[in-house]
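**Q** Can you look at this prediction? I've put the sequence above it.
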Amino acid sequence: MEVTSTGQTDTEIINRVLKGDQSAFALLVETYKNYVFTLVLRFTENREDAEEIAQDVFVKAYRSLADFRGDSKFSTWLFTITRTTCLSFLRKKKLDIRSLDNERTGLQVENRESSFGANQVEQKSRHAMLNRAISMLSPDDAQVLNLFYKGDQSLEEIGKIMRLDPNTIKVKLHRARQRLKDKLEKYFAHEVREIHAD
Amino acid sequence: MEQKHLSRNLLIKKLEMEQEIEKRLWDYIDNRCSPEEKEIVGRLLSQDPVWQMKYAELMGVHDLLQKEDLDMPSLRFTKNVMEEIAKYQVAPATQNYINKNVIRGIGLFLLTLVAGLFIYITKSMNWNSAPTSHFSLPIDTAKLNPEKFMNNTVVLVFTGLTVVLSLILLDQFLQMKKKMAGHGTQGGTA
């Protein structure tokens, strides 16, 4: 059970909100805003759009808070809302939704590779480099890595989100990390060496 | 030719071995292996340079991912969300206004209807009818008389049932809404 900065658990805060203390919801927003915003940035790279979507996620979470049964972590539940909100936003805006289709993913990788030259400065940052490498992966791989490392979710919880067996998630996680390693070696070998040398 | 085939087999074996090492190392890094396996991997890591090299490679990626910070939205983010949700109320839980008994009742009614129809059709079938050159149903369609069952009284009874069920649902929904509105007012004054 997650404990917020005020020492209260998510469930305690949710109960307060459900009893009518709307201001208590701010504690949940403070705790999970970075998590949601990071996940949203995986779907759309535009920060303004990401902020709008993240805000929408919290509004939806607030409105359907009574539906949170507490049989999973609040962050797991929040992720499902984030995912559906992102997809409907992208559909509405008719933006390019990264599909699982290899051909399209390959094409996007090529496009990104060609734009690397213009972003030399950004590449120097470890954060930007990792984000770029993750964005080259398939959405499934990126999702597993994000949930495991950034969302701090266990294999069982990721399994619940993706409706897959934890063992399948374990294999997916292994493969995603392997593919990320390959991308880092292929496109960011110099930066990785610099990081390890520091 | 044979040498080429041999070297290909060796390469495949080497790749398979590498994959197996990686799999075991990831389990070790994630702390998802048994104590015995942990001990074995620990021993291999202290003795085998291949395992040491692979471990360093994997830990490089793992550290990079673990040290990664989350992205932060603007400073006004929480304030914006709170301003937005001030316009709304928490909606009643779906399970409260969707009565499971009503759904079960409708399901049971439909199942009974399908089963009754199936039994009636099966009973009306003439399985011993002689085969003819043209296609014909093994059922006496003249015997099927839906008007016998679907008369005005039956339609009226079902319409009445539907109206009663709808009224029950509507009543429950309105009661829940009233209850939630009460909560909302309490929160606003607190």
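**A** Sure thing, it's come through.
**Q** and the residue of chain A found nearest chain B, how many neighbours does it have?
**A** Using Cβ to the nearest Cβ, the closest approach of chain A to chain B is made by A:Gly20 at 2.7 Å. Backbone N, C-alpha and C define where each C-beta goes, glycine included. A:Gly20: 19 surrounding residues under other Cβ atoms under 10 Å in any protein chain shown.
**Q** Determine the three-state secondary structure at it.
**A** Following DSSP: H, G, I helix; E, B strand; the rest coil, A:Gly20 is assigned to coil.
**Q** So what does it have for phi and psi?
**A** Main-chain torsions, A:Gly20, degrees, to the nearest 10: phi 120, psi 0.
**Q** go on, B:Met125?
**A** When read as degrees, to the nearest 10, the backbone of B:Met125 gives phi -70, psi 140.
**Q** pLDDT wise, what is it at?
**A** At B:Met125, the model reports a pLDDT of 74.
**Q** Just name the shakiest helix or strand of chain B by mean pLDDT.
**A** Ranking every helix and strand in chain B by mean pLDDT, DSSP states H and E puts helix B:94-97 at the bottom, with a mean of 67.
**Q** now check the helix or strand just after that one, is it near chain A?
**A** Going down the chain from helix B:94-97, the next helix or strand is helix B:100-124, by DSSP states H and E. No - between helix B:100-124 and chain A, judged by Cβ under 8 Å from any Cβ of the partner chain, nothing touches; the nearest distance is 14.6 Å.
**Q** tell me which residues of helix B:100-124 are tucked away?
**A** By neighbour count, with 16 or more other Cβ atoms under 10 Å in any protein chain shown as the criterion, helix B:100-124 contains no buried position.
**Q** name the helices or strands packed onto it?
**A** Applying 3 or more Cβ pairs under 8 Å, 6 or more residues apart in numbering or on different chains; DSSP states H and E, one finds that helix B:100-124 contacts helix B:152-189.
**Q** chain center to the helix it packs on, what's the gap?
**A** 28 Å (Cα atoms, centre = their mean, to the nearest Å).
**Q** quick one: that helix to helix B:100-124, angle?
**A** 160 degrees (axes from the mean of the first three to the mean of the last three Cα atoms, to 10 degrees).
**Q** re the thing from before, what separation is there between the residue of chain A closest to chain B and B:Val90?
**A** The spacing between A:Gly20 and B:Val90, counted by Cβ to Cβ, to the nearest Å, is 9 Å.
**Q** cool, B:Glu37 as well?
**A** 48 Å.
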